[in-house]
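*Asks:* Let's see this in three dimensions:
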Amino acid sequence: MVPPEEDSLPQRRRRVRPQNGPIRNENIIQNKFERAPGSQVPYSELKDLRKLAGETFFLTAVKNSFLLLTNLFLGSPQFTEEQLEALHRYKNFGEDHSLLYRYVLSHLYNMAVHLLPKRLAPNLITFIGLLFALFSHGVVMYYCPDFDCDAPRVVYLIASASLFIYMLLDNLDGRQARRTNSSSPLGHLFDHGCDALNVTISGLTFAAVIRLGRSLWAVFIIWVYGMLPFFFATLEEFFTGALVLRQFNGPNEGLILMQLFYLLTALKGSSFWKRKTSIFSFSFPIEWNKFLILLAVPLCVPTIIGNYREIWRDANRKGKNISQVKRRSILYSLPFVLFSICTFSWFIYSPVTLRSHLIMFMWTCGSVFFALVTRLIVAHLTDSEYKSVFFIEAPLVLGAMNSICGFLFETQIFSDVVVLFAAFLFCLLMNGIRVYQIVGEITNSLGIYCFSLKKPRVKEQ
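*Replies:* Numbering: from 1, shown residues only. Modelled structure (predicted):
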């Protein structure tokens with residue numbers, strides 16, 4: 001057997017390290033094009049090469065972005081010395097005027113809190129409640145990934161029970177804090193932060209249960225029943241210094257109604273929500289799930305108006321400059337207005353793509369909403385200003401502009417899927433770094449742990 005010539009021997013894999021760059025396999029690229037003159041590269045090999053180049057570029061971009069963001073945000077503290085001093089002076093005020101809470105739920109919570117061991121930290125109770133909401137969300141998404149299917153009846157029972165446990169634990173954490181004398185600004189922030197996350201979690205679950213489909217209706221119901229009232233209730237708390245829940249509110253009557261709707265779905269099946277609406281002898285040419293959304297106008301609009309009126313009345317009672325308070329309250333609403341415009345614009349002008357990735361899209365929007373609300377809460381806790389523009393909204397602005405360009409000029413600057421995936425990772429990374437840093441700085445300043453009632457040991461100098 002004649003040995004092959006030296007030039008025809010397969011090249012050995014050489015690992016080359018450039019001066020500034022990752023190790024690459026040089027022969028992978030060379031072997032693709034070392035062919036006889038005039039021969040064409042097969043399409044399959046070109047496709048593999050493009051895939052390899054794309055994966056390399058993507059992984060490098062993710063790595064560099066992570067390092068950049070880590071250095072950028074971990075390099076500078078989240079709080080100034082003045083803000084940390086304000087944290088030590090903070091005192092929580094709040095009222096709940098709900099009749100259901102006053103005469104029924106509060107007695108249930110007061111009895112249930114004594115069933116908890118005293119060594120259980122309040123923040124851990126809040127986190128466990130959020131895990132129940134995540135669990136039911138995962139179960140419903142598994143059986144209803146397209147938001148328009150009939151799941152087994154037990155799925156809706158799980159959703160109802162999990163939401164009740166979340167509501168129960170969300171009300172027990174504050175009582176446990178007073179019971180163990182461990183109330184802190186961190187507990188207030190942690191509780192509201194978990195509630196802000198649950199707006200998206202339970203909103204998606206509810207949209208799937210009532211079979212709204214991968215449509216604008218699903219996006220709208222999460223926004224109008226969850227995000228809109230939550231943000232403006234937090235805005236009112238920022239200006240008045242107290243969280244006041246009215247006679248009919250989301251944390252009480254709203255969650256109870258959702259649990260009843262889940263039970264109704266378990267009894268009658270999810271096809272109930274696709275039937276035409278009929279009340280007594282009156283029939284309406286609209287399905288029950290859409291009818292629920294239309295009720296948002298008479299329910300939510302007066303609530304938002306009431307938030308602004310209470311802000312201005314409180315300023316008048318305290319002798320503040322009314323004109324200045326009005327300007328600030330409207331100015332501080334602009335981040336949420338921008339968030340809302342970009343959310344709906346992106347979905348409306350890219351319906352095909354975003355319907356295929358509705359869960360990721362809403363989790364991206366929910367991450368931005370979480371950042372806006374928690375920043376407002378931090379500003380309230382530290383008695384500081386709330387900015388009108390935030391960098392974390394940039395992905396939504398980019399996504400909206402990209403989709404509008406595609407609608408106007410019939411070609412998008414970037415692929416919607418790429419923008420959405422990058423926005424999701426960006427928001428997840430930004431929030432993760434920020435939460436880690438905020439919790440660390442507050443616990444160090446207050447001398448506490450987040451998930452334990454034990455006190456940190458003081459280092460001897």
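
*Asks:* can you pull out the strands in the stretch 201-350 of the chain?
*Replies:* Assigned by DSSP state E, counting those that start in this stretch, the strands in the stretch 201-350 of the chain fall at 243-245, 276-279, 282-287.

*Asks:* Switch the ones you listed over to TSV; also include mean pLDDT.
*Replies:* What follows is those, written out as TSV (pLDDT from 0 to 100):
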stretch	mean pLDDT
strand 243-245	91
strand 276-279	80
strand 282-287	81
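
*Asks:* just those strands: most buried one?
*Replies:* strand 243-245 (a mean of 18; mean count of other C-beta atoms under 10 Å). Where C-beta positions appear, they are placed from N, C-alpha and C, glycine not excepted.

*Asks:* how about the strands of the stretch 201-350 of the chain, which one is nearest A159?
*Replies:* Closest to A159 of these is strand 282-287 (C-beta to C-beta; 20.1 Å).

*Asks:* confidence score at A296?
*Replies:* According to the prediction, A296 has pLDDT 84.

*Asks:* If we ignore the residues flanking it in sequence, what's nearest it?
*Replies:* Residue nearest to A296 in three dimensions, not counting chain neighbours: V224, with 4.3 Å by C-beta to C-beta, 6 or more residues apart in numbering.

*Asks:* ditto for L84
*Replies:* Ranked by C-beta to C-beta, 6+ apart and with sequence neighbours excluded, the top spatial neighbour of L84 is S445, at 4.6 Å.

*Asks:* Could I get the buried residue list for whichever helix or strand the one you found is part of?
*Replies:* In the assignment (DSSP states H and E), S445 maps to helix 416-446. Buried positions in helix 416-446, judged by neighbour count with 16 or more other C-beta atoms under 10 Å: 416, 419-420, 422-427, 429-431, 433-435, 437-439, 441-443, 445.

*Asks:* same deal with stretch 350-357?
*Replies:* Neighbour counts over stretch 350-357 (16+ other C-beta under 10 Å) mark 350, 353-355, 357 as buried.

*Asks:* Next up, the contacts around the closest residue to L331 other than its chain neighbours.
*Replies:* Nearest non-adjacent residue to L331, counting by C-beta to C-beta, 6+ apart: S388, 5.6 Å away. By C-beta atoms under 8 Å, 6 or more residues apart in numbering, the contact list for S388 reads 331-332, 334-335.

*Asks:* hang on, the earlier thing: out of the buried residues of stretch 350-357, which is nearest to T234?
*Replies:* L354 (27.1 Å).

*Asks:* separation between the closest one and V368?
*Replies:* 15 Å (C-beta to C-beta, to the nearest Å).

*Asks:* and if you look at L134?
*Replies:* From L134 to V368 the distance is 19 Å (C-beta to C-beta).
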